[in-house]
Structures are given as C-alpha cells and as structure tokens.
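Novice: Predicted coordinates and the sequence they were generated for:
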Amino acid sequence: RGECQHHLKLFPVRSMIDAGVRVSLGSDHPCGSFSPAEIIWTAVNRTSLKGMPVDPEEAITAAEALRAYTINAAHASN
C-alpha cells in the first residue's frame, strides 16, 4: 500500500466472509508458506513476520480459517 492508499487492505478476509464470499486459503509458494498451520495462524492473527499488525480488523476465527483451508479450498478446486 502506498501513501494516500490507506483504504486498501491486504487480503480482506473478514470483509469477504461477511459479504458472503466463500474464501479459500492455501499455499501460494514461493510467495508464502507451505505450512497449513502457519497459513491458518496468519489469517487468525493478522501480524507480519516482525509481529506488526496487518489490517487486524480483517482477522477471522480459527474455525473460519480451518474451513477456508479445507472445505472451501476443496470446493474451489472443482
């Protein structure tokens, strides 16, 4: 996000789920981790590698993240 672009969000998961979107999580290596636990943790905690908050209002619950990584991702692959 650049200067004067504070309205942009990085992967606005909470907003998408609240809007009725069936969100899928998964690895997009080499851009991200292969670890399902790390991907789910990141969606729930919304912090950078340095521990800084990243759009914390877009955090989702652990149950929502698990669903997005499993059931929703399987549905998206069809």
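Specialist: Good, I have the coordinates. All of these numbers come straight from a predicted model, not from anything done at the bench. Numbering: from 1, shown residues only.

Novice: Quick check: P12 vs A74, distance?
Specialist: 23 Å (CB to CB, to the nearest Å). Every residue, glycine included, has its C-beta placed from N, CA and C.

Novice: Who has more neighbours out of the two?
Specialist: More neighbours surround P12 than the other of P12 and A74, with 16 against 10 (other CB atoms under 10 Å).

Novice: And for that one, nearest residue in space, chain neighbours not counted?
Specialist: Nearest residue to P12, sequence neighbours excluded (CB to CB, 6 or more residues apart in numbering): E58, at 4.9 Å.

Novice: Is it correct that the one you found is in contact with I17?
Specialist: No - contact status for E58 versus I17: not in contact, 9.5 Å apart, counting by CB atoms under 8 Å.

Novice: Show the contacting residues for A65.
Specialist: L25, I39, I40, A43, V44 (CB atoms under 8 Å, 6 or more residues apart in numbering).

Novice: how far away is the residue nearest the centre of the chain from I71?
Specialist: Centroid check for the chain by CA atoms, centre = their mean gives A43 as the closest residue, at 4.1 Å. Per CB to CB, A43 is found 15 Å from I71.

Novice: I'd say the residue nearest to the centre of the chain and R14 touch.
Specialist: No - applying CB under 8 Å, one finds A43 not in contact with R14, separated by 9.5 Å.

Novice: List phi and psi for G51.
Specialist: phi 90, psi 10 (degrees, to the nearest 10).

Novice: burial of it, as a residue count?
Specialist: 7.

Novice: For K50, see how far away P36 is.
Specialist: 22 Å.

Novice: For the nearest residue to S35 once chain neighbours are set aside, the count of nearby residues, please.
Specialist: Nearest residue to S35 in three dimensions, chain neighbours excluded: S27, at 7.8 Å (CB to CB, 6+ apart). Around S27 there are 14 other residues, counting by other CB under 10 Å.

Novice: S27 belongs to a strand?
Specialist: No - secondary structure of S27 (DSSP: H, G, I helix; E, B strand; the rest coil): coil, not part of a strand.
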